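>>> got a structure for you, letters missing:
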């Protein structure tokens, strides 16, 4: 059952992973410019949340709980990344 869901949504998982990897790569390309790094992290987070919402909307199971969950995970990721950037 899990393998079927993975196969069914492989494009979504690949796209999401690509966006996150691209965001990390772009963030690391500007080691001295914290403003560009933060902007890259914010944009990556918005894409992550957007991908999640669109994906769940297309599969007819979008709810307020899912939107809040994606937003909280995105905020947590931005917070962790911010601490790493501002701490160095």
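Now that the structure is in, tell me what you want to look at. Remember, predicted model here, so these are calculated numbers, not experimental data. Numbers count the residues shown, from 1 in each chain.
>>> look up how far residue 3 lies from the residue sitting nearest the centre point of the chain.
The geometric centre of the chain, computed from its C-alpha atoms, lies nearest to residue 48 (CA atoms, centre = their mean), at 2.9 Å. For residue 48, the distance to residue 3 under the criterion CB to CB, to the nearest Å works out to 24 Å. In this view, the C-beta of every residue, glycine as well, is placed from N, C-alpha and C.
>>> so who does the residue nearest to the centre of the chain touch?
Contact partners of residue 48, counting by CB atoms under 8 Å, 6 or more residues apart in numbering, are 16, 19-20, 70, 73-74, 77.
>>> now swap in residue 47 and tell me
The neighbours of residue 47, taking CB under 8 Å, 6+ apart as the test, are 19, 23.
>>> quick one: low-confidence ranges for this protein?
Low-confidence segments of the chain, defined by pLDDT under 70, span residues 1-2, 88.
>>> quick one: the strands in it?
Applying DSSP state E to the chain gives no strands.
>>> what ranges does it have for its helices?
Using DSSP state H, the helices of the chain run over 2-8, 10-28, 34-58, 64-87.
>>> what residues does the second one touch?
This points to helix 10-28. Residues outside helix 10-28 that contact it (CB under 8 Å, 6+ apart): 6, 37, 40-41, 43-44, 47-48, 51-52, 55, 81.
>>> buried members of these into PyMOL, please.
Paste this into PyMOL to select the buried members of the contacts of helix 10-28, with burial taken from 16 or more other CB atoms under 10 Å:
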select buried, resi 37+40+41+44+47+48+51+52+55+81
